[in-house]
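Have a look at this fold, sequence not included:
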């Protein structure tokens, strides 16, 4: 009896499945939203300035092969502020449903020369850590803004302080739509 019920249920699903697919329509290309039209982002200072890290912040280098890990102090520390402002276009044609929340901020530090990323060779890697302090995480309406002050500690294989920091900001509106904005911060030599 169970086998018959399963067969009937599968047959019913097989008949309904094409109808379900036919009801879906693809997203039209003119419905896409350009983040740069919705959000204005600035960084201060530009370029950011790094100095020697003197606060004792450290990182771990795992050695493996039964060797003890190294605990090393970061060489450099920089601080900068990212300010994001929600533009009028965010309210046009119901592009976004307010409030819009900043849900995450992630950082990647890469060594650079003249603003160009110079990837480390020979298995070396950049080491970094960061702390962010936000004025808020919510845009209540258009023309509102939030600021995010970031302290970034880093150590580069080149032993120099010039770096390129990529900050990715992720957002979510009240309807659950998500989008992100990438901000590039140059750290002066």
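Yep, it's here. Note that the structure is predicted; figures quoted are calculated from it, not measured.

I'd guessed residue 55 sits against residue 77; true?
Yes - assessed by C-beta atoms under 8 Å, residue 55 is found in contact with residue 77 at 7.2 Å. Bear in mind the C-beta positions are built from the backbone N, C-alpha and C, glycine included.

now the helices for this structure?
Using DSSP state H, the helices of the chain run over 2-23, 35-38.

So for residue 55 and residue 77, which sits in the more crowded spot?
residue 77 (19 against 9; other C-beta atoms under 10 Å).

which residues does that one form a beta bridge with?
Beta-bridge partners for residue 77, by DSSP bridges, are residue 51, residue 153.

Give me the pLDDT value at it.
Here the pLDDT value assigned to residue 77 is 98.

Residue 66 now?
Reported pLDDT for residue 66: 89.

same check, this time on the one 3 residues further on
Residue 69 is assigned a pLDDT of 93 by the prediction.

From here on, call the first residue 21.
Okay, residue one is now 21; in that scheme the one you just asked about reads as residue 89.

ok, it - contacts?
80-83 (C-beta atoms under 8 Å, 6 or more residues apart in numbering).

Kindly report the same for residue 88.
Listed by C-beta under 8 Å, 6+ apart, residue 88 has no contact partners.

how near is it to residue 149?
In this view, residue 88 and residue 149 are 21 Å apart by C-beta to C-beta, to the nearest Å.

which secondary element of the chain has the worst mean pLDDT?
helix 22-43 (a mean of 39; mean pLDDT, DSSP states H and E).

Which one of the contacts of residue 89 is nearest to residue 162?
residue 80 (44.6 Å; C-beta to C-beta).

partner residues bridging the residue most central in space within the chain?
Closest to where the C-alpha atoms of the chain average out (C-alpha atoms, centre = their mean) is residue 188, at 2.3 Å. Legend: beta-bridge partners of residue 188 under DSSP bridges are residue 126, residue 202.
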